[in-house]
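what's the 3D shape of this:
(chains A and B)
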Amino acid sequence: MNKLLEKIENFDDFPTLPTIYYKLVDALSNTSTTIKDLSNLVSTDIALSFKLLKIVNSSIYGLSTKVNSIDKAIFHLGFRELKNIILSTKIIEVFSDINSNSKFDLVEFWKHSIAVGAISRIIAQELGQKNLDEYLLSGITHDIGKLVLIKILGSEYNVVFIIMEKEGISLLEAEHKVLGITHQEIGLRVAESWNLDQNILDVIRYHNDGLVGSNYDQLVGVVHVANILAKLLRLGHSGCDKISQPNQLLWRRLDITKFDKNSFYDRIKTDYEQANEILIIN
Amino acid sequence: MPRKVKIDDIEEGQILAETLSNKYDQILIKKGTSLNLESHIRVLKMWGINEISIFDDLVDASSASVNIEEIANIESTLLDEIGWNIKNQNDKLLFDVAVLSSIGKINNE
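Here you go, the predicted model:
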């Protein structure tokens, strides 16, 4: 085993989600939980309450009336979406201790991930999907493996970027070569340790392929496309400049040709800016 | 790319690719205007203009303030950067949105 892989395998300080998240998951799994119970729980976390209200009142939701209480916010969101939004904000907080370096910028990384989430959410909405914030969450979680690797290895991870550039190979290939493990695999381990839903695990594992094995999955497919579009639009930076072509097999099931490109682009711009403003901790 | 159309062939919403003036050099309709079948065509007929230059592609249309060579440049630079070919309308949509974004950046400079 090489030295870096040894370091990764021996690492036992994986980030954990805050207790409020697990309290919330417990409450949600209890059928007698009321909106009031959830709102009391959320209200114990001022920063979270603040973000929740900002998100619900942003153009991302496009509600016609102003939501001025947590109860009403939860009422508008529904329980499942509440969980997705809380996870989105908490995951960003959990990794806030990572240091940027010459090859990796944490803020740019989050901007990219938020862009993928915002674009995925817009595509899903255009396609008539429900649970739109699962798409937002998917964008935010799709590359967390990179953060875990950087958390473990620090600037030693940069060798991956250097080899990728020098040999003109993909990030995944470079990770295989240098570390013997990819950000997809390590991201999956962390997400499993957090008990995230299978949908999200699939996104982490398959977003680069676009298909789950040979099967179509809308969430994975949409995130695959949104990831490429976020790179094309240079919204943030994922650490990898290469923009791969969309998986052509995907287009048999996913059709975005009816989208109006002007309004699609305008929406991406506004939603991306708003989501960044709300979610990124400076 | 802009193309010439006879005024009877103009379609609602096409974008004027040139600024039209009358014989006294007074501006009638500005480049970049979204054409309205009733009012604009009346003006054209009034001044005896039979043929105009329009954009009918959305990418061209939204970039009326950027010139044609610039758009062609943006497109070929972007194609070089991505290093893959546009194979279908879905690929094309993603590419066109990226072109819109580059045009937007130029216009804001």
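
in chain B, which spans are helices?
B:39-46, B:58-62, B:68-82, B:89-108 (DSSP state H).

Give me the angle between the third one and helix B:89-108.
This points to helix B:68-82. Counting by axes from the mean of the first three to the mean of the last three CA atoms, to 10 degrees, helix B:68-82 points 120 degrees away from the direction of helix B:89-108.

Pull out the buried residues from helix B:68-82.
Going by neighbour count (16 or more other CB atoms under 10 Å in any protein chain shown), the buried part of helix B:68-82 is B:71, B:74-75, B:78, B:82. Where C-beta positions appear, they are placed from N, C-alpha and C, glycine not excepted.

from these, which is closest to chain A?
The closest of those to chain A turns out to be B:I82 (CB to the nearest CB; 4.9 Å).

Distance check, the closest one against A:A115.
17 Å (CB to CB, to the nearest Å).

How about B:N22?
Distance check for B:N22 against A:A115: by CB to CB, it reads 48 Å.

More neighbours: which of these two?
Legend: neighbour count by other CB atoms under 10 Å in any protein chain shown for B:N22 and A:A115, higher for A:A115 (27 against 13).

how about the most far-flung residue of chain B relative to its centre, what does it touch?
With distances taken as CA atoms, centre = their mean, the residue sitting farthest from the centre of chain B turns out to be B:G83, at 26.6 Å. Counting by CB atoms under 8 Å, 6 or more residues apart in numbering or on different chains, B:G83 touches A:I243.

got it, and B:W84?
Going by CB under 8 Å, 6+ apart, B:W84 touches A:244-245.

Tell me which residues of the helix or strand A:R189 falls within come out buried.
Using DSSP states H and E, A:R189 sits within helix A:183-193. Going by neighbour count (16+ other CB under 10 Å), the buried part of helix A:183-193 is A:183-188, A:190-191.

want to throw the buried residues of helix B:68-82 into CSV with pLDDT and distance to chain A?
Shown next, in CSV, are the buried residues of helix B:68-82 (pLDDT from 0 to 100; distance: CB to the nearest CB, whole Å):
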residue, pLDDT, distance to chain A
B:I71, 80, 14
B:I74, 87, 12
B:E75, 89, 12
B:L78, 92, 8
B:I82, 91, 5
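
Looking at these, which is nearest A:E134?
B:I82 (28.6 Å; CB to CB).

Tell me which residues touch the closest one, please.
Contacts of B:I82 by CB under 8 Å, 6+ apart are A:232, A:243, A:245, B:95.

let's see it at 6 Å
A:I243 (CB atoms under 6 Å, 6 or more residues apart in numbering or on different chains).
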